[in-house]
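1. only geometry, no sequence info:
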C-alpha cells in the first residue's frame, strides 16, 4: 500500500507467488516450484518483515532440480542498515543452513555468516558420496573488495574442506583451497581477471588422494599436478596439463603418465595423452574439431582388469582379458571418419558373459572433396568376428558380421554356429541414429537355420527394430518339411500383437 504524502511512502508490502519455475525464464536453468511469501510493515526508522520460500519440487542438481526445500528469514531496515536475521534454509537430505547478514547501504559493506549442518553431497548430486558435512561459511564486503572463506567437515568420513578467496582491484584470487580425505589432500590456488578477456590460472596438487572417497569415482591413490590457464572471454579457452607423479596408483596398480591439450568449444588442439596402468598402456595424439584434424590412438592392454575402472559408466564392464587396438579418427565439422583395428582375447564381463576371441575392423570414409556429407551418408565398412561366446544360458562357437554401404543404405550379413546348429542372415536397410528414437528399418533377405531346428525364409520380409518397438511384416518360412505363413508381428513396449 502506497502512502506518497506520509513520512513513509510505503505503508505495507505483501507478496505472494506460487509455482515459480525458473526453467520458464531460461531453459538452461533448473526446474523449480517456488512459493514465495513476503510481508513488510513500518518500523522504527524504516521497515521490518518476514519472507519465506518453499520449493515443492526439489531434487538433485544432476536431475535438473534445486536441492532446496525451504528458506525463511526476518529482515529489517533502519536508515542505511539492512539486516537479515534468523536465516533458516532446509536442503535435501535433512541438511540445514542458518545464519545472519548485515548490509550497510551507505558504506556498501556486507558481513554475513552461514552455519551448515548435515549436508549430504549425494542429495545434492547423484555422483557424490553420502556425507554429513557441517561448518561455517563467511562473507565480508567493503569498499576495498569482497572476501569469502569457509571451513566445512564430515568427521565421520574424515572429509574436510577449507578455502579463502578475495575479489579486489579487478581480480578474484583463490589464496587457498584444501580438500582432505582421510590421509589424502588436494590443494589448489588460482586467479581470475574480472575484466578484459577474463584470463585465469589455476594450479592443484594431489597427495595420497583417493577420488573414490568423494563418490562414484575410481579407487586409487592420486599423486598428481594439474595446471590450467586460459580465458573466459570473448569465448572460453583453456590449456590443461595433468602429470601423474611417482606413487600414483589406480586400484592396486601403479600408474604414470601425462595428459595435455588446448581446448575451446568444439575443438581440441595439440592433444597428447600417455598413460600407463600396471601392464596396460593408452596413448592419443593429435587434434580434433577443425578440418584436416586427425587423432591417433592406441591401447595395449595384456590385462584389461588393470584399466577396467577407466571404462565409462554404462559401457559393458570388463573384469579380465586382453585388448590391442589402434586407429586414426578425423573429427571434423563435417563429421567423423577414420579407421579402427582391435583384437581382444579371454574376455570376461561382469554380467558373466565370456568371449574367447574378438576381432573388429571398421572404416568410415571421409566426405568427398568439397562435400559435407553427414555421417549417415558416409561409406562404411565393418567386419567383426567372435569365437567362444558363452553366458549362463547359451553359447556360440563362432559368429561373424559384415556391413557395407552407409547408415542410410547398407547390406548386413551374419553367420553363426555352435556345433551342428547354424545361422545365416542377410538383410539390407537403413539405420536412423536419432538420439530420441534410433531404429533400423529394412528387409530381411535371408534367414537360414540349420541343425536342431531347420528353418528357411521363403521370401523377403520387412523388419523394423527400435528401442521400444519391433515390427516384422508378413513372412513365409519353410520348416519341418512344410510351409508356415506368419502375419504382421509387433512387439510394442512389451506388448505383442
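-> In hand now; what should we look at? Small disclaimer: the values here were computed from a predicted structure and weren't measured.
2. where's residue 144 relative to residue 22, distance?
-> From residue 144 over to residue 22 the distance is 33 Å, taken as CB to CB, to the nearest Å. Every C-beta, even on glycine, is put in place using the N, C-alpha and C of the backbone.
3. higher neighbour count, these two?
-> Remark: of residue 144 and residue 22, residue 22 carries more neighbours, 14 against 9, as counted by other CB atoms under 10 Å.
4. Am I right that the more buried one is in contact with residue 55?
-> No. Shown here, residue 22 and residue 55 do not form a contact pair, counting by CB atoms under 8 Å, at 10.1 Å.
5. which neighbours do those two share?
-> Overlap of the contact sets of residue 22 and residue 55 (by CB atoms under 8 Å, 6 or more residues apart in numbering) consists of 32, 34, 66.
6. okay, those residues in CSV with pLDDT, distance to residue 92 and neighbour count next?
-> Formatted as CSV, these follow (pLDDT from 0 to 100; distance: CB to CB, whole Å; neighbours: other CB atoms under 10 Å):
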residue, pLDDT, distance to residue 92, neighbour count
32, 93, 13, 21
34, 93, 15, 19
66, 94, 9, 22
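7. where's residue 424, which helix or strand?
-> strand 421-432 (DSSP states H and E).
8. next one: that strand to chain centre, how far?
-> Taking CA atoms, centre = their mean, to the nearest Å, the mean C-alpha location of strand 421-432 is offset from the chain mean by 34 Å.
9. What pairs with that strand, parallel or antiparallel?
-> Paired with strand 421-432 in the same sheet, following DSSP bridges, are strand 410-418 (antiparallel), strand 439-450 (antiparallel).
10. List the buried residues for that strand?
-> Buried positions in strand 421-432, judged by neighbour count with 16 or more other CB atoms under 10 Å: 422-423, 425-429, 431.
11. do the same with stretch 158-178
-> By neighbour count on 16+ other CB under 10 Å, the buried set for stretch 158-178 is 159-161, 163-166, 172-174, 177.
12. Could you dump those into CSV and include pLDDT?
-> Listed next are the buried residues of stretch 158-178 as CSV, based on pLDDT from 0 to 100:
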residue, pLDDT
159, 92
160, 95
161, 94
163, 94
164, 96
165, 95
166, 94
172, 94
173, 96
174, 96
177, 96
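13. Of those residues, just say which sits nearest to residue 193.
-> Nearest to residue 193 among the buried residues of stretch 158-178: residue 172, at 8.1 Å, using CB to CB.
14. Name the helix or strand for the closest one, please.
-> Taking DSSP H and E as the criterion, residue 172 maps to strand 171-181.
15. immediately after that strand, which helix or strand?
-> Under the assignment DSSP H and E, the closest C-terminal helix or strand after strand 171-181 is strand 184-193.
16. can you map out the helices along this protein?
-> With DSSP state H as the criterion, the chain has helices at 121-124.
17. so where is it shaky, pLDDT-wise?
-> Residues of the chain that meet the criterion pLDDT under 70 lie in 1-11, 312-316, 368-374, 434-435.
18. Residue 326 and residue 84, how far apart?
-> Look at residue 326 and residue 84: by CB to CB, they are 61 Å apart.
19. Residue 34 now?
-> 18 Å.
20. same check, this time on residue 35
-> Counting by CB to CB, the gap from residue 35 to residue 84 is 19 Å.
21. Also residue 48?
-> Distance of residue 48 to residue 84, given as CB to CB: 11 Å.
22. Same check on residue 74?
-> According to CB to CB, residue 74 and residue 84 sit 7 Å apart.
23. Please name the nearest non-neighbouring residue to residue 466.
-> Among residues not flanking residue 466 along the chain, residue 439 sits closest, at 3.8 Å (CB to CB, 6 or more residues apart in numbering).
24. what's the neighbour count on the closest residue in space to residue 103 that isn't next to it in sequence?
-> Leaving aside its sequence neighbours, residue 103 sits nearest to residue 82 (CB to CB, 6+ apart; 4.3 Å). Neighbour count of residue 82, defined by other CB under 10 Å: 17.
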